[in-house]
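1. here is a sequence with its predicted model. Questions after.
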Amino acid sequence: MPEPEPPAAHHADLVVFGGTGDLSMRKLLPALFHSDRDGRLDPRTRIIALSRGGLTDADFRGKVESAVRPGLHTGDAASWDRFLGRLRHVSVDVGAPGQDGWGDLTRLLGGYEDVDRIFYLASPPMTFGPFCRAAHAAGLVTPRSRVVLEKPLGRDLEGAQRINEEVGAIFAEHQIFRIDHYLGKETVQNLLVLRFANAFLEPIWNSLWIDHVQITAAESVGTPGRRGYYDHAGALRDMVQNHLLQLLCLVAMEPPARNDREAVRDEKVKVLQALRPIAGTEARRFTVRGQYTAGQVDGEAVPGYLDEPDKTPPTDASRHVETFTAVRAEVKNWRWAGVPFYLRTGKRLPFHRSEIVVQFKEVPHSIFPGGGPNRLVLRLQPSEGITLHILAKEPGAGEVTPRAVPLSLSFADTFRTRVPEAYERLLMDVLSGNPTLFMRRDEVEAAWRWIDPIIATWEADGAVPGPYTAGTTGPAAAHELLGRSGRAWHEEDLP
């Protein structure tokens, strides 16, 4: 199969605030290298890292050499040297009085005002507003500028609105790219193609034929060294408000009139607005909170959340934060009336897996014993692919015995190519100015409007999350959430 031609490259200056941080080293720079190696970066594109580190260009390149190169997919020396040649470093302290360091960046960007200028804020959300104001005061924001905001966008609706107001005072909405890396995964892209490019699925993609939907983001890792962040986030804010709700939107959205920049986002917002509110008694009934205690994961003994190594001892907030949550959601419209959407995420579970499971209903009248319903599984990680479970007859003489068998699509095996990381796709969309896979302001705020009443109920109750042993599949209440209606979480490995 011939390799597809790379899309047209866009000349840009990519300015990464927090350019020496963990996100930059683990995700952004590797993604940019692979895009460069594959011919998707314009030869003139520069990557400019901003930090308070006082590094020279040579210092920064040396740091990238030691921190990034060992984990890359294979690349020849010429590709790596070309990539290093794109890298620059400027020391800037946004919190410092005056414009300390901004003059160096102004000089570096001078004469490139007619080039697309991307500001990627790989930094905490509290810095978004101050950075945008400082960049504007330094005269660096041009009509061809764009800004990329990493999640989490605030801790609640009020915080998200404040950030949106601060950034929106400097950048127009079409210049703001709120990134959720889950939307860059191949399986998520294929969900849209699967739904809207195949005639056989759309007639059964509704409450007449679908029993329920499960969306899971499970991690086997804990939070060592991150308790300071996690105490003030928790699983609901960290994963459900953004990643899992985005996946729910793509499953539940109506077919857009066209695949363009706003039509897809319009339909996603409608889904969020149609979510049944969960508060008070319903929050207690339809949500589950858990926190892991000491146990074993992959045969290794691990501590509980409160005993994870960290700079500071646990606080009262530590005892009340959830490392696991499950939610039963409903989309109140004609297509999905009565179909529950079960959302689940957690730390220190026995597997590392992100997936969407669409469980179909049983046939109206089965003439064969045994069997079971059809199931469509879309695996986002660790290996991306799609599996449709159907019933087929087991070979042999005698009685007809139906057996569930998988029809599987592995992207890596089928297309015989490296599956790009999510950030590769999203960074290329930023460079080309395509916001389809990024969250619009009304989308972010609609998600928080649904999440905030759940958090308010939890805080008003003051209860601590239910304990679950590390290496298990979460608290018993999470299984009861489905068990009350005769359902169970999907926990099978794909073939």
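-> Good, I have the coordinates.

2. please report phi then psi for residue 115.
-> Dihedral pair for residue 115: phi -110, psi 140, per degrees, to the nearest 10.

3. in stretch 370-385, what counts as buried?
-> 374, 375, 376, 377, 378, 379, 380, 381, 384, 385 (16 or more other Cβ atoms under 10 Å). Every C-beta, even on glycine, is put in place using the N, C-alpha and C of the backbone.

4. for the first one, which non-adjacent residue is spatially closest?
-> If I follow you right, that is residue 374. residue 360 (4.3 Å; Cβ to Cβ, 6 or more residues apart in numbering).

5. also the last one?
-> With sequence-adjacent residues excluded and distances taken as Cβ to Cβ, 6+ apart, residue 385 is closest to residue 410, at 4.3 Å.

6. returning to that earlier point: closest one of the buried residues of stretch 370-385 to residue 300?
-> For those, the minimum distance to residue 300 (Cβ to Cβ) is 20.7 Å, reached by residue 381.

7. residues in contact with the residue nearest to residue 385?
-> 383, 384, 385 (Cβ atoms under 8 Å, 6 or more residues apart in numbering).

8. and which of those is nearest residue 424?
-> Taking Cβ to Cβ as the measure, residue 424 lies nearest residue 384 of the contacts of residue 410, at 13.3 Å.

9. which elements pack onto the longest helix anywhere in the chain?
-> Counting residues, the longest helix in the chain under DSSP state H turns out to be helix 441-461. With contacts taken as 3 or more Cβ pairs under 8 Å, 6 or more residues apart in numbering; DSSP states H and E, helix 441-461 sits against helix 157-168, strand 176-178, helix 263-274, helix 281-286, strand 287-293.

10. tell me which of the ones you listed sits most buried.
-> Comparing the helices and strands packed on helix 441-461 by mean neighbour count (mean count of other Cβ atoms under 10 Å), strand 287-293 comes out on top with a mean of 24.

11. and that strand, average pLDDT?
-> The average pLDDT for strand 287-293 rounds to 96.

12. quick one, it and helix 441-461 angle?
-> In terms of direction (axes from the mean of the first three to the mean of the last three Cα atoms, to 10 degrees), strand 287-293 departs from helix 441-461 by 70 degrees.

13. so what touches strand 287-293?
-> Residues contacting strand 287-293 (Cβ under 8 Å, 6+ apart): 222, 278, 304-306, 319, 321-328, 346-348, 454, 458, 463-470, 474-475, 477-478, 481.

14. cool, and stretch 447-454?
-> Applying Cβ under 8 Å, 6+ apart, the contact partners of stretch 447-454 are 154, 156-157, 160, 236-237, 240-242, 245, 272, 275, 277-280, 283, 287, 327.

15. if we use 6 Å, what do you get?
-> By Cβ atoms under 6 Å, 6 or more residues apart in numbering, the surrounding residues in contact with stretch 447-454 are 156, 157, 160, 241, 245, 272, 275, 278, 279, 283, 287.

16. quick one: pLDDT of the third one?
-> What the model reports as pLDDT for residue 160 is 94.

17. what comes into contact with stretch 21-29?
-> 16, 67, 68, 122, 423.

18. tell me the mean pLDDT for it?
-> 91.

19. re the thing from before, okay, the helices and strands packed on helix 441-461 in CSV with distance to residue 190 next?
-> Output for those, formatted as CSV (distance: least, Cβ to Cβ, whole Å):
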stretch, distance to residue 190
helix 157-168, 29
strand 176-178, 22
helix 263-274, 15
helix 281-286, 30
strand 287-293, 30
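
20. and these: which comes nearest residue 338?
-> helix 263-274 (13.3 Å).

21. and the angle for the closest one with helix 441-461?
-> Using the same axes, to 10 degrees: helix 263-274 against helix 441-461 is 30 degrees.

22. just the closest of the contacts of stretch 447-454 to residue 102, please.
-> residue 160 (27.3 Å).

23. for that closest one, give me its contacts.
-> Taking Cβ under 6 Å, 6+ apart, we find residue 160 in contact with 153, 154, 444, 445, 448.

24. make it 10 Å
-> For residue 160, the contacting residues are 125, 152-154, 178, 241, 441, 444-445, 447-449, 452, by Cβ atoms under 10 Å, 6 or more residues apart in numbering.
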